[in-house]
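Asks: build me a model from this:
(one chain, ligands or ions: 1)
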Amino acid sequence: MSFDELQLHPDLLRGIRALGFEKPTPIQTAAVPPAMTGRDVLACAQTGSGKTAAFLLPLLHQLLTGRDGRGDGNGRANGSGRGATRVLVLTPTRELAAQVAADMQDLARFAPVRAAAIFGGVAMGPQEQALRRGVDVVVATPGRLLDHLSRPYASLDRVEHLVLDEADRMLDMGFLPDIRRILGQLPARRQTLLFSATIPYEIADLAGRMLRDPVQVEMARTGTPAEGVDQSVYPVEQHRKTALLLDLLGRGDMEEALVFTRTKRRADRLAKQLSKGGIRAERIHGDRSQGQRTAALSGFKAGRIRVLVATDVASRGIDVEALGHVVNYDVPNSPEDYVHRVGRTGRAEMTGSAFTFVSLQEEADLQAIEKLIRRQLPRVKLPGFEHGAVFWGRKGNGNGNGNGDRNGNGRANGNGPSAPEGRRTEGADAGSNGAVRRNGNGALATAAKEDGPPSPARRSSRLGIRRGARR
Ligand code: AMP
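Replies: As a prediction, this is how the structure comes out:
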């Protein structure tokens, strides 16, 4: 199917052409036609599937054609003067809200639609002014939206279309009470589109209450990462993860990478260690200001920063063209987070790789992931890094920066035991970690001094890759 066949408003078709989209993605083909006619939609789709345009296009089309009864039918979203907000998109994070608003501006660049992004971490003033002036579309995170709604200038009583984006993530982040409060301020008669990467019980329950006779669109089995993502697992001693990451970066076969840690502190520490190791790295997490996050993200997108270290919450909404590599420095706590993380690469028409560093302590978490995605991931064992590997760490800067850590052969990382020819891929061999060799010669103790004692609380994993290519 082509975009022309979808019969979208000509202004939108121009925007789509300008973006270089050649044809609708599967989620767009499935969700746009029913959503254009005003039907409710429950869509199970991952980040990277083109889901944002799948909900924006039909809603913009309705605004522009007056199909929802409010547009003037002449391509103007509002027939007169100060417009009331008619589309509300709720997202779990600031980054995603900013991303959705940016996507909207791109798609509607030839259409007279006014939009505002409403999220925390920045001043209320400009957002208040936008709301006072009147905008057709509001893309918001729940908390900041409620702040505005407690004031007289903000109203949602003319909203006709509601989108809940990444609903499962909103649930995980505890936004359900906020969402219920917002729903209470919306007209009961409206169109609702609910998008979620996974449909756990609570989301199905919410959908059952909110949606009227929804069209259900399931693009991928629940919890399945996008096709085209090459996923593998690197068994590694806990304290050797940074060294492994530096080693892989040092080979030059990984241009850039988005690297996930479990905690903000670990993100800070890893970014610092990478910088010390000569890698341009930045980090984004909940304690960073909006300005810092935006600067880090734009530096990464522009190629000034090679590694962006992120926590799960902060990663939502990161949309980087041609991101080839995602590294799970820490195995995520929740298997769903794995799917979300991996969704950062292999977006739309791209291919990518996702590497997960797994220490012995993280094996159970990995198994939960493999259960969710219903497949075992191939193990890649790099000599010198795998569980129980013999190496004599030198008391150094604590980061295994390619100068300090040495392998059992006395060669610096990046040249020796983990050189490409030493790489061995084992297909779907979950039991391969049973081959743990405890050397009993003090190597582990020495290593522990370098990066702290291995413990479940002190984890990291990460791997580098090369830029994704168009399939
Ligand atoms: P999303 O799943 O909405 O986060 O979209 C992932 C990426 O796919 C974004 O960079 C979009 O700009 C891009 N995209 C969306 N629709 C299409 C399309 N029909 N063709 C090519 N790329 C697309």
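
Asks: for residue 48, see how far away residue 27 is.
Replies: Per C-beta to C-beta, to the nearest Å, residue 27 is found 10 Å from residue 48. Placement of C-beta: from N, CA and C, glycine included.

Asks: just the C-alphas of stretch 163-176, formatted as CSV.
Replies: Below are the C-alpha coordinates for stretch 163-176, written out as CSV (Å, rounded to 0.1, in the frame of the first residue of the first chain):
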residue,chain,number,x,y,z
VAL,A,163,-3.7,9.1,22.3
LEU,A,164,-2.0,7.1,25.1
ASP,A,165,1.5,6.4,23.8
GLU,A,166,3.7,3.7,25.4
ALA,A,167,0.9,2.9,27.7
ASP,A,168,2.7,0.0,29.3
ARG,A,169,5.6,2.3,30.2
MET,A,170,3.2,4.8,31.8
LEU,A,171,1.8,2.0,33.9
ASP,A,172,5.3,0.9,34.9
MET,A,173,6.1,4.5,35.9
GLY,A,174,3.1,4.7,38.1
PHE,A,175,1.2,7.2,36.0
LEU,A,176,-2.2,5.4,36.1
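
Asks: pLDDT of stretch 356-370, averaged?
Replies: Predicted confidence along stretch 356-370 averages 93 (mean pLDDT).

Asks: buried stuff in that stretch?
Replies: Applying a neighbour-count criterion of 16 or more other C-beta atoms under 10 Å, the buried positions in stretch 356-370 are 356-360, 362-363, 365-366, 368-370.

Asks: pick the one among those residues closest to residue 243.
Replies: The shortest gap between residue 243 and any of these belongs to residue 357, at 10.7 Å (C-beta to C-beta).

Asks: beyond whichever strand or helix holds the closest one, next helix or strand please.
Replies: Here residue 357 is covered by strand 352-358, with elements defined by DSSP states H and E. Helices and strands here follow DSSP H and E; after strand 352-358, the next one along the chain is helix 363-373.

Asks: now do that next one: distance to the chain's middle.
Replies: Shown here is helix 363-373, whose average C-alpha point lies 19 Å from the average C-alpha point of the whole chain (C-alpha atoms, centre = their mean, to the nearest Å).

Asks: what's it packed up against?
Replies: helix 335-342, strand 352-358 (3 or more C-beta pairs under 8 Å, 6 or more residues apart in numbering; DSSP states H and E).

Asks: surely residue 101 touches residue 117?
Replies: Yes: contact between residue 101 and residue 117 holds when scored by C-beta atoms under 8 Å: they sit 3.7 Å apart.

Asks: shared neighbours, these two?
Replies: With contacts defined as C-beta atoms under 8 Å, 6 or more residues apart in numbering, the residues shared by residue 101 and residue 117 are residue 139.

Asks: of those two, who's got more company?
Replies: Legend: neighbour count by other C-beta atoms under 10 Å for residue 101 and residue 117, higher for residue 117 (25 against 22).

Asks: picking up where we left off before, filter the buried residues of stretch 356-370 by proximity to the ligand?
Replies: If you filter the buried residues of stretch 356-370 for contact with the ligand, counting by C-beta under 6 Å from any ligand atom, you are left with nothing.

Asks: give me the element residue 131 is part of.
Replies: Element membership for residue 131 (DSSP H and E) is helix 125-133.

Asks: what's the answer for residue 145, then?
Replies: Applying DSSP H and E as the criterion places residue 145 in helix 142-149.

Asks: direction included, what does the helix or strand just after that helix pair against?
Replies: Using DSSP H and E, the next helix or strand after helix 142-149 towards the C-terminus is strand 161-164. Strand 161-164 sits in its sheet next to strand 87-90 (parallel), strand 191-196 (parallel), going by DSSP bridges.

Asks: give me the low-pLDDT residue ranges for the stretch 301-450 of the chain?
Replies: Per-residue confidence of the stretch 301-450 of the chain (counting by pLDDT under 70) places the weak regions at 313-323, 344-351, 388-450.

Asks: switch the cut-off to 50
Replies: Across the stretch 301-450 of the chain, the ranges flagged by pLDDT under 50 are 391-450.

Asks: how about the residues of the stretch 51-200 of the chain near the ligand?
Replies: The interface of the stretch 51-200 of the chain toward the ligand, taken as C-beta under 6 Å from any ligand atom, is made up of 51-53.

Asks: buried ones from the residues you listed, can you make that a PyMOL selection?
Replies: When burial is assessed using 16+ other C-beta under 10 Å, the buried subset of these is captured in PyMOL by this command:
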select buried, resi 51+52+53
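
Asks: keep only those of the residues of the stretch 51-200 of the chain next to the ligand that are in helices.
Replies: Secondary-structure check on those using DSSP state H: residues within helices are 51-53.

Asks: would you turn those into TSV with pLDDT?
Replies: Shown next, in TSV, are these (pLDDT from 0 to 100):
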residue	pLDDT
51	93
52	95
53	96
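
Asks: which of those lies closest to residue 174?
Replies: Closest to residue 174, out of all of those and judged by C-beta to C-beta, is residue 51, at 22.6 Å.

Asks: so that closest one sits right up against residue 27, yeah?
Replies: Yes: at 5.4 Å, residue 51 counts as touching residue 27 under the criterion of C-beta under 8 Å.

Asks: joint contacts of those two?
Replies: Shared contacts of residue 51 and residue 27, defined by C-beta under 8 Å, 6+ apart, comprise 43, 45.

Asks: circling back to that earlier point, partner strands of the strand holding residue 357, with direction?
Replies: Partners of strand 352-358, by DSSP bridges, with direction: strand 229-235 (parallel), strand 325-328 (parallel).

Asks: can I get the longest one in CSV, CA atoms only?
Replies: Taking only C-alpha atoms (Å, rounded to 0.1, in the frame of the first residue of the first chain), the coordinates of strand 229-235 have been written out as CSV:
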residue,chain,number,x,y,z
VAL,A,229,17.9,-6.4,15.2
ASP,A,230,20.8,-8.7,15.7
GLN,A,231,20.8,-9.6,19.3
SER,A,232,23.6,-11.4,21.3
VAL,A,233,24.8,-11.9,24.8
TYR,A,234,28.3,-11.5,26.1
PRO,A,235,29.0,-13.4,29.2
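
Asks: between that strand and helix 363-373, how many degrees?
Replies: If you take axes from the mean of the first three to the mean of the last three C-alpha atoms, to 10 degrees, strand 229-235 sits at 160 degrees to helix 363-373.

Asks: counting neighbours, what do you get for residue 174?
Replies: By the measure other C-beta under 10 Å, the count of residues near residue 174 is 9.
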